[in-house]
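Student: Pasted the sequence and its predicted model underneath.
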Amino acid sequence: MSRRFIVTRFRLSEGDTIGEYRAWSLSYLRPVLRGYPSVVSFLDFAVVGAEPEGGERWDGCEIIEVTDFAAFAEDDATGEGAKLSAAWRDRVAGWSIDRLEDLAEFEDSAGP
């Protein structure tokens, strides 16, 4: 089975700080997300530098390894996951989400 990751970069809402976000992540976000049946692992980071300069500015990044993208979407939309998602969207001003599959096991449906 191919490894699957969701990588989320986010910009905090005006007035929020990465320190406040860290406290929220450690007390709420991490325990809830790590409890999703679809989550294999979850890490979140503060962005401390980026290249090239002048590109999109992000405050943080999350890397979530999941068993299945559809299962994660379901976990994120129901029960405590839905509450977490709504709270997260209230904290961020913008975000970018990429869904990644391990290249070693990736099969391009378009072919060579």
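Tutor: Here it is on my side, so go on.

Student: Sticking with the closest residue in space to residue 13 that isn't next to it in sequence, tell me its helix or strand.
Tutor: Take residue 13 and drop its neighbours on the chain: the residue closest to it by C-beta to C-beta, 6 or more residues apart in numbering is residue 93, 4.7 Å away. To be clear about C-beta, it is placed using only N, CA and C from the backbone, and glycine gets the same treatment. In this assignment (DSSP states H and E), residue 93 forms part of strand 92-101.

Student: ok, which stretches of this protein are helices?
Tutor: Counting by DSSP state H, one finds helices in the chain at the ranges 18-24, 30-34, 69-77, 79-91.

Student: Buried ones in the third one, by neighbour count?
Tutor: Of all the residues in helix 69-77, those buried under the rule 16 or more other C-beta atoms under 10 Å are 72, 75-76.

Student: swap in the last one?
Tutor: Along helix 79-91, the positions that meet the burial threshold by neighbour count (16+ other C-beta under 10 Å) are 81, 84, 88, 91.

Student: The last one reaches residue 15, doesn't it?
Tutor: This means residue 91. No: using C-beta atoms under 8 Å, residue 91 makes no contact with residue 15, being 10.3 Å away.

Student: Export the buried residues of helix 69-77 to CSV and append columns for pLDDT and distance to residue 37.
Tutor: Output for the buried residues of helix 69-77, formatted as CSV (pLDDT from 0 to 100; distance: C-beta to C-beta, whole Å):
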residue, pLDDT, distance to residue 37
72, 98, 9
75, 97, 6
76, 96, 11
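
Student: pLDDT of stretch 86-103, averaged?
Tutor: Averaged over stretch 86-103, pLDDT sits at 96.

Student: Show the model's pLDDT score for residue 109.
Tutor: 60.

Student: cool, the one 3 residues further on as well?
Tutor: Predicted confidence (pLDDT) at residue 112: the value is 46.

Student: Same question for residue 1.
Tutor: What the model reports as pLDDT for residue 1 is 68.

Student: So residue 106 is in contact with residue 2, correct?
Tutor: Yes: with contacts counted by C-beta under 8 Å, residue 106 reaches residue 2, the gap being 6.5 Å.
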